[in-house]
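Asks: Fold the following, please.
(one chain, ligands or ions: 1)
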Amino acid sequence: MKPVEIAPARGKLGILLVGLGAVSTTFIAGVLAIRKGLSKPIGSLTQMGTVRLGKRTENRAPRVADLVPLASLDDVVFGGWDIFGENCYEAARTAGVLEPGLLDRIKPELEAITPWPAVFDQRYVKRLSGSNVKTGRHKKDLAEQVSADIRRFKAEHGLDRLVMVWCGSTEVYLTEGPAHQSIARFEQALEANDCSIPSSMVYAYAAIKEGIPYANAAPNLSADVPALVALAAQTKAPIAGKDLKTGQTLIKTIIAPGLKARLLGVEGWYSTNILGNRDGEVLDDPESFKTKEESKKSVLDYILQPHLYPELYHDLHHVVRINYYPPRGDNKEGWDNIDLVGWLGYPMQLKINFLCRDSILAAPIVLDVALFLDLAKRAGLHGIQEWLSFYFKSPQHAPELYPEHDLFIQLMKLKNTLRHMAGEELITHLGLEYYD
Ligand SMILES: NC(=O)c1ccc[n+]([C@@H]2O[C@H](COP(=O)([O-])OP(=O)(O)OC[C@H]3O[C@@H](n4cnc5c(N)ncnc54)[C@H](O)[C@@H]3O)[C@@H](O)[C@H]2O)c1
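Replies: Take a look at the predicted model:
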């Protein structure tokens, strides 16, 4: 196979983060600490993963970064927007995820990152208000201000390439409407201040318009509308989303494929969480929670395929709850009760109690998504990057396809895409040749 032509990762990569909250600051501080040799990039496929090549007898398993040209962590520069004016050090202290001792060792670098004024409208995130906010005649004007921030950042740091990741709060539930159907209608809607264009879409539009890769770490629609997908095709911007797959949903997409593989029935799956960070506070608003709930609930339907296995999964009761509970901060606790059915219909139960750290699970994903989107751009891939479904709860997908939620199929797809880029044989796991 011929390798895909990939431009080298020469020069600096700017990572633009919308929202400098718990996830973003844990990600930025983590990269700075890793760069200084203070910590390890645990959880990151781009930094620690390997890809098996050829036959099992060949013993070839290079690291991802030796197979495809990725930006080095030393060449990454961070910038971003937030409605609160705190610098990245202060914001990381507020988020309370990382130990102050670690933050103090990278304090000057963190303090140098100050958020630019945000595009924000409280209609879309009801529980927050802040003063570091742009004003403009209309949403097109605000998008132009975002583009100006990006250009200034690029010039100031001598950057070669850029990637944007929405790490802002979950916006209220919105469905696709007329303004989202074409680029022309979307641009008219921006000028008309149409309320179906939330802040996240203004940033997504500004990035994609410039051909900058865009990822959405949250469940709100953002770039997942026909107008922005069409714009991405026009400007050759790779896009990916939505909603990082961490915590309870990560575990769900690990367990559910296993139960289905053994054809064990599931009658009910009750998931509940307590969470006390700002994300939890925003999700305490029913309209933001609805966006999250939709994203979390679709996972089981797609993995278990009740239309193919009606006796096993047709009457499944799937309930998801998130309870805002401040004492826990970012240290989420999730409980799952799964009511299973086995041979001859005999019931069983599985209980999972996951004491996780939300942003610790999310930060390596932000890193991988940013580096892989930059790779995609240099490899000439654009539009929806389905091979990055591995990282998302609601993977963005072509309208005629159903999304792939099974973590193991997602990983296979991701690694086969890397093999394809490198001109290596794809792996099918057939394996008959070993027994000829
Ligand atoms: N932590 C996880 O495991 C995880 C997993 C999946 C998705 N997410 C999503 O990622 C997002 C970030 O999570 P977090 O824990 O960092 O939340 P957070 O509340 O700590 O940070 C979000 C930040 O975004 C800012 N913000 C909101 N609207 C903005 C706008 N229009 N422009 C600029 N900034 C804006 C807020 O001021 C806040 O500082 C949330 O939407 C969350 O649901 C997180």
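Asks: what's the longest strand in the chain?
Replies: Ranked by residue count, the top strand of the chain under DSSP state E comes out as strand 265-275.
Asks: helices and strands around the helix or strand just after it, which ones?
Replies: Using DSSP states H and E, the helix or strand that follows strand 265-275 in sequence is helix 278-283. The contact analysis (3 or more CB pairs under 8 Å, 6 or more residues apart in numbering; DSSP states H and E) places helix 278-283 against helix 286-304, strand 317-324. Quick note: C-beta positions are derived from backbone N, CA and C, even for glycine.
Asks: buried residues in the last one?
Replies: Spelled out, it's strand 317-324. 318, 320, 322, 324 (16 or more other CB atoms under 10 Å).
Asks: Isn't the second one up against residue 295?
Replies: No: using CB atoms under 8 Å, residue 320 is not in contact with residue 295; the gap is 9.5 Å.
Asks: Residues of the stretch 1-150 of the chain that sit close to the ligand?
Replies: Residues of the stretch 1-150 of the chain lying near the ligand by CB under 6 Å from any ligand atom: 18-24, 81-84, 95, 118-120, 125, 128, 130.
Asks: switch to 8 Å and redo it
Replies: 18-26, 80-84, 91, 95, 115, 118-121, 124-125, 128, 130 (CB under 8 Å from any ligand atom).
Asks: I'd like to know which of the buried residues of strand 317-324 is nearest to residue 212.
Replies: residue 322 (31.6 Å; CB to CB).
Asks: State the distance from the closest one to residue 48.
Replies: 30 Å (CB to CB, to the nearest Å).
Asks: again, but for residue 36
Replies: 18 Å.
Asks: of the two, who's got more company?
Replies: Remark: of residue 36 and residue 48, residue 48 carries more neighbours, 14 against 11, as counted by other CB atoms under 10 Å.
Asks: contacting residues for the residue of the chain found nearest the ligand?
Replies: Here the chain gets closest to the ligand at one residue, residue 21, 1.7 Å apart by CB to the nearest ligand atom. The contact partners of residue 21, taken as CB atoms under 8 Å, 6 or more residues apart in numbering, are 82, 91, 95, 167-169, 278-279.
Asks: picking that back up, confidence-wise, which of the helices and strands packed on helix 278-283 is weakest overall?
Replies: Sorting these by mean pLDDT places helix 286-304 lowest, at a mean of 84.
Asks: How about the strand or helix carrying residue 414 and the ligand, touching?
Replies: Using DSSP H and E, the element containing residue 414 is helix 407-422. No: Helix 407-422 is not in contact with the ligand by CB under 8 Å from any ligand atom; minimum separation 14.9 Å.
Asks: where does residue 384 fall, phi/psi-wise?
Replies: Main-chain torsions, residue 384, degrees, to the nearest 10: phi -70, psi 130.
Asks: Give me the nearest residue to it, chain neighbours excluded.
Replies: residue 396 (5.1 Å; CB to CB, 6 or more residues apart in numbering).
Asks: For the helix holding residue 414, buried residues please.
Replies: For helix 407-422, burial by neighbour count (16+ other CB under 10 Å) applies to 407, 410, 412-422.
Asks: returning to that earlier point: any chance of the helices and strands packed on helix 278-283 in JSON lines, with distance to the ligand too?
Replies: Shown next, in JSON lines, are these (distance: least, CB to the nearest ligand atom, whole Å):
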{"stretch": "helix 286-304", "distance to the ligand": "6"}
{"stretch": "strand 317-324", "distance to the ligand": "10"}
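Asks: Would you tell me which one of those is buried the most?
Replies: Highest mean neighbour count among those (mean count of other CB atoms under 10 Å): helix 286-304, with a mean of 20.
Asks: Packing partners of it?
Replies: Looks like helix 286-304 contacts helix 247-261, strand 265-275, helix 278-283, strand 317-324 (3+ CB pairs under 8 Å, 6+ apart).
Asks: By mean pLDDT, show me the worst of those.
Replies: helix 278-283 (a mean of 84).
Asks: Report whether it contacts the ligand.
Replies: Yes: Helix 278-283 reaches the ligand (CB under 8 Å from any ligand atom) through 278-279, 281-283.
Asks: residues from the stretch 201-350 of the chain in reach of the ligand?
Replies: Residues of the stretch 201-350 of the chain lying near the ligand (CB under 8 Å from any ligand atom): 203, 217-220, 243-247, 277-279, 281-283, 292, 330, 332.
Asks: Contact partners for the closest residue to residue 67 other than its chain neighbours?
Replies: Nearest non-adjacent residue to residue 67, counting by CB to CB, 6+ apart: residue 422, 5.0 Å away. Residues near residue 422 by CB under 8 Å, 6+ apart: 3-4, 53, 67-68.
Asks: Now render the contacts of residue 21 as a markdown table, adding neighbour count and secondary structure.
Replies: Shown next, in a markdown table, are the contacts of residue 21 (neighbours: other CB atoms under 10 Å; DSSP: H, G, I helix; E, B strand; the rest coil):
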| residue | neighbour count | secondary structure |
| --- | --- | --- |
| 82 | 27 | coil |
| 91 | 25 | helix |
| 95 | 22 | helix |
| 167 | 27 | coil |
| 168 | 33 | coil |
| 169 | 26 | coil |
| 278 | 19 | helix |
| 279 | 26 | helix |
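Asks: Helices of the stretch 51-200 of the chain, residue ranges please.
Replies: Assigned by DSSP state H, counting those that start in this stretch, the stretch 51-200 of the chain shows helices spanning 64-67, 88-95, 100-105, 107-111, 139-157, 183-191, 199-209.
Asks: most neighbours per residue, which of those?
Replies: helix 199-209 (a mean of 27).
Asks: mean confidence for that one?
Replies: 98.
Asks: and for the next helix-or-strand element following it, what are the contacting residues?
Replies: Sequence-wise, the next helix or strand downstream of helix 199-209 (DSSP H and E) is strand 214-216. Outside strand 214-216, the residues that touch it by CB under 8 Å, 6+ apart are 163-166, 200, 204, 207-208, 222-224, 232, 237, 239-243, 369-370, 373, 388, 396.
Asks: Got a ChimeraX select line for the buried ones in the residues you listed?
Replies: Entered in ChimeraX, the line below selects the buried ones among the contacts of strand 214-216, by 16+ other CB under 10 Å:
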select :163,164,165,166,200,204,207,208,222,223,224,232,237,239,240,241,242,243,369,370,373,388,396
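Asks: In strands, which of the contacts of strand 214-216 fall?
Replies: Short answer: the contacts of strand 214-216 in strands (DSSP E) are 163-166, 239-240.
Asks: in the stretch 1-150 of the chain, which spans are strands?
Replies: 13-18, 76-81 (DSSP state E, counting those that start in this stretch).
Asks: could you give me the average pLDDT of the last one?
Replies: Just to be clear, that refers to strand 76-81. So the average pLDDT for strand 76-81 ends up being 98.
Asks: Run through who's touching that strand.
Replies: 12-20, 24, 28, 31, 88, 113, 115-119, 146, 149, 153, 157, 159, 203.
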